[in-house]
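A.B. asks: Make a model of this:
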Amino acid sequence: MEFNEYQEAANRTLYGTEQVLTNCALGVAAEGGQLVDLIKDYTFKGRELDKTKLTKEMGDVLWYLSQIAEWADIEFDDVAKDNILKLNKRYPDGFKK
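C.D. replies: Numbers count the residues shown, from 1 in each chain. Have a look, this model is predicted:
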């Protein structure tokens with residue numbers, strides 16, 4: 001699935017009025033926190049990394065990010081492309097320690 005296709009499909013479940021941007025920004029933080037908790041529990045508490053839950057939380061973050069882009073009239077493909085261009089410029093030979 002292409003990012004723009006995802007953005008359009010995800011927009012079907014967007015709700016809210018003028019508070020959409022704030023709701024989505026808070027959603028990124030909340031879902032990101034849940035993602036961090038899964039990783040923290042794996043890293044520091046010795047729990048197994050539940051890939052199903054990890055995938056779900058990553059998807060939730062992706063949904064909110066796509067809807068912020070939608071609100072701002074930014075194609076989600078452009079977000080991904082611009083990020084890769086920035087990384088390639090910053091690390092032309094890849095990231096090495």
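
A.B. asks: Just give me how far the longest helix anywhere in the chain sits from the chain centre.
C.D. replies: Counting by DSSP state H, the longest helix found in the chain is helix 20-45. Put simply, helix 20-45 sits 10 Å off its chain's centre (Cα atoms, centre = their mean, to the nearest Å).

A.B. asks: List the buried residues in that helix.
C.D. replies: Asn23, Cys24, Gly27, Val28, Glu31, Gly32, Leu35, Leu38 (16 or more other Cβ atoms under 10 Å). All C-beta atoms are positioned from the backbone trio N, CA, C, and that covers glycine.

A.B. asks: mind listing what's buried in the strand or helix carrying Leu62?
C.D. replies: Here Leu62 is covered by helix 51-71, with elements defined by DSSP states H and E. Residues of helix 51-71 classed as buried: 57, 60-71 (neighbour count, 16+ other Cβ under 10 Å).

A.B. asks: where are the low-confidence patches of the chain?
C.D. replies: Within the chain, the segments meeting pLDDT under 70 span 97.

A.B. asks: Spatially central, which residue of it would that be?
C.D. replies: Centroid-nearest residue in the chain: Leu62, 3.1 Å away (criterion: Cα atoms, centre = their mean).

A.B. asks: can I assume that residue is in contact with Tyr6?
C.D. replies: Yes. Look at Leu62 against Tyr6 with Cβ atoms under 8 Å: they come within range, at 7.4 Å.
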